[in-house]
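Q: The sequence and its predicted three-dimensional model are supplied below.
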Amino acid sequence: MFRELGKMVMLSGAILRALPKVLRYRRNLFEQLFEIGNSSLFMACVLSLFIGGVLSLQAGPLLAQRGLGSMLGGLVGASLAKELGPVMMSILIAGRIGSAMAAELGSMRVYQEIDALRTLNINPIEYLVLPRVVAISVALPCLLVFSLLVGCAGGAFVAAFNPEVAVSSAAFFNNLRSTLELRDILHGLIKTFLFAVTVGVVCCNQGLDTLGGPRGIGRSVTKAVVNSIVFILVLDYVITRMLLPFTKASMAGGF
Amino acid sequence: MNPVSSAESGVAIRVRQLRKSFGPQLVLDGVDLDIRPGEIFVLMGPSGSGKSVLLRHLIGLETPDAGEILLNDTRLEDEGIRDRFRLAMVFQSGGLLNSLTVGENVGLYLSEHRLKPAEEIERVVREKLALVHLGPADALKYPAELSGGMKKRVAIARALVMEPQVVLYDEPTSELDPLVAVTVGREIVRANAVTRATTLVVTHDRDLAFGIAHRIAFLNEGRIVAVGTPDAIRASQDPLVRRFLSADFTRD
């Protein structure tokens, strides 16, 4: 485990050193951005719609019974922006894109494509890893914004049409506007960005570390996804703890 | 076949007491080799004898535990060696990037290092593909659409684009039928004649080895047991070499 952590730190250092060259690899970068955005946007929207809906479904009746139904918009928005959106989107991307990254790099390692790049004096970190990590770090926060919009729409829909909640869309969005502040969204975006970098580094590292043919590729993909989820959840606690002093004011004002 | 007499671009390779272990397994046990500029040097030996590992050391994909490799008296691990010498390798699987077309694979070295403008790269790609008997239509295909023999030829074209001084071939005829293997063997000889690059071929294929080599070395359990011209190797009295060369399938 410490050996893998060490490798990830080394890989992160190499990515940071290569960062100024990212525009040299813009073709690979745009390909990856398209791949991540195009293949994940629909799934991210579907997931967010139902997360927003289920939040309203669970919290709505409880708030309504206590005469706090009008607070539902803020609750759903804050939960999505600061916690559920970043974590669920990152887990979705780890499963969908991170696994593909690990599989692709693993297969390139096993079938000597990475060695071939080295013999052509092409640095595999710059050519393969850098565009992937940068693309996922840009795309995932963008997906969070979509997820937030769609999730709130899902929450508002359930709030309006579920008789146990019966909060109008206007009331839902009014409360959302008055409760959710820019720093809450920034909180979510910072988290998502850090999760994205983590997923990128973990999955690329697993891919590059692949040994032993098709079975090795399968093992790498499983490890990449599981490790990504573990890192996301551990980091979630750490980042929330660190960002809490900056977001307390808005929570106090909203609820 | 006569060795290339005047090798302008080929470099001499000297391997001195090269040792490499993977865990407890000793793979290279003090290998010494002298490969002359511009010659086709074939490294033969049974499976697991360390041939491919030696090849990977020669291009810097592995680091030796001990010993050294010299290219024209410059140590392989010296700073800037890649700027002074152009080394290319043709992998057993071809090592083509599956996400790129054949043309993009062949021109990758030039495009990534921005050595020529796009139109010039296209011209060079067409020229190198023609050298290995592939046409412009093949440049648009993806590696997954190619046969094993075509993949090897594309890999050779990609190596030639570097205008290499050293070309290393790892099992170039593995998984190929005898007819395609002969074609690939001819491409190796032709590439050597065109580039005058020092050529090192690792193979089990006795026909290929005796067909193309200026000199042959026989590696067994990480040690060189015989080196010489094809005729000298045929006449070798070393029992391992004799057993390897005379091995034949006969029904009891």
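A: Structure received. Numbers count the residues shown, from 1 in each chain, chains lettered A, B, ... in the order given.
Q: Need the phi and psi values for residue B:198.
A: Note on residue B:198: backbone dihedrals following degrees, to the nearest 10 are phi -60, psi 130.
Q: In contact with it: list those residues for me.
A: Neighbouring residues of residue B:198 by C-beta atoms under 8 Å, 6 or more residues apart in numbering or on different chains: B:7, B:10-13, B:35-39, B:41, B:165-167. Glycine gets a C-beta too; all of them are placed from N, C-alpha and C.
Q: From the residues you listed, pick the one nearest residue A:109.
A: residue B:167 (23.1 Å; C-beta to C-beta).
Q: And the closest one, what's its pLDDT?
A: pLDDT, the model's per-residue confidence, is 94 for residue B:167.
Q: Now for the residue in the stretch 101-250 of chain B that chain A sits nearest to, how many residues are close by?
A: Distance from chain A to each residue of the stretch 101-250 of chain B (C-beta to the nearest C-beta) is smallest for residue B:109, at 4.7 Å. Residues lying near residue B:109 (other C-beta atoms under 10 Å in any protein chain shown) number 24.
Q: Can you give me the pLDDT of it?
A: pLDDT recorded at residue B:109 is 95.
Q: Quick one: list the elements packing against the one helix or strand it maps to.
A: Assigned by DSSP states H and E, residue B:109 falls within helix B:102-112. In terms of contacts (3 or more C-beta pairs under 8 Å, 6 or more residues apart in numbering or on different chains; DSSP states H and E), helix B:102-112 is packed against helix B:118-131, helix B:148-161.
Q: Give me every residue in chain B lying close to chain A.
A: B:56, B:59-61, B:82, B:87-89, B:91-93, B:95-98, B:108-109, B:112-113, B:155, B:158, B:162 (C-beta under 8 Å from any C-beta of the partner chain).
Q: related to what we said a few turns ago, keep only those of the contacts of residue B:198 that are in strands.
A: With strands defined by DSSP state E, the entries of the contacts of residue B:198 inside them are B:13, B:35, B:41, B:166, B:167.
Q: What residues are bridge-paired with the second one?
A: In other words, residue B:35. With DSSP bridges as the criterion, residue B:35 is bridged to residue B:13.
Q: got the phi/psi numbers for the residue in chain A that chain B sits nearest to?
A: Here the residue of chain A nearest chain B is residue A:116; by C-beta to the nearest C-beta that distance is 3.2 Å. For residue A:116, the backbone dihedrals (degrees, to the nearest 10) come out as phi -60, psi -40.
Q: That one is in contact with residue B:95, isn't it?
A: Yes - in this structure residue A:116 lies within contact range of residue B:95 using C-beta atoms under 8 Å: 3.2 Å.
Q: so what sits against both of those two?
A: Shared contacts of residue A:116 and residue B:95, defined by C-beta under 8 Å, 6+ apart, are found at B:89, B:155.
Q: which ones are touching the residue nearest to residue A:55 when sequence neighbours are not counted?
A: Excluding its sequence neighbours, the residue lying closest to residue A:55 (C-beta to C-beta, 6 or more residues apart in numbering or on different chains) is residue A:76, at 4.8 Å. Listed by C-beta under 8 Å, 6+ apart, the contact partners of residue A:76 are A:52, A:55, A:56, A:59, A:151, A:152, A:155, A:156, A:159, A:172, A:176.
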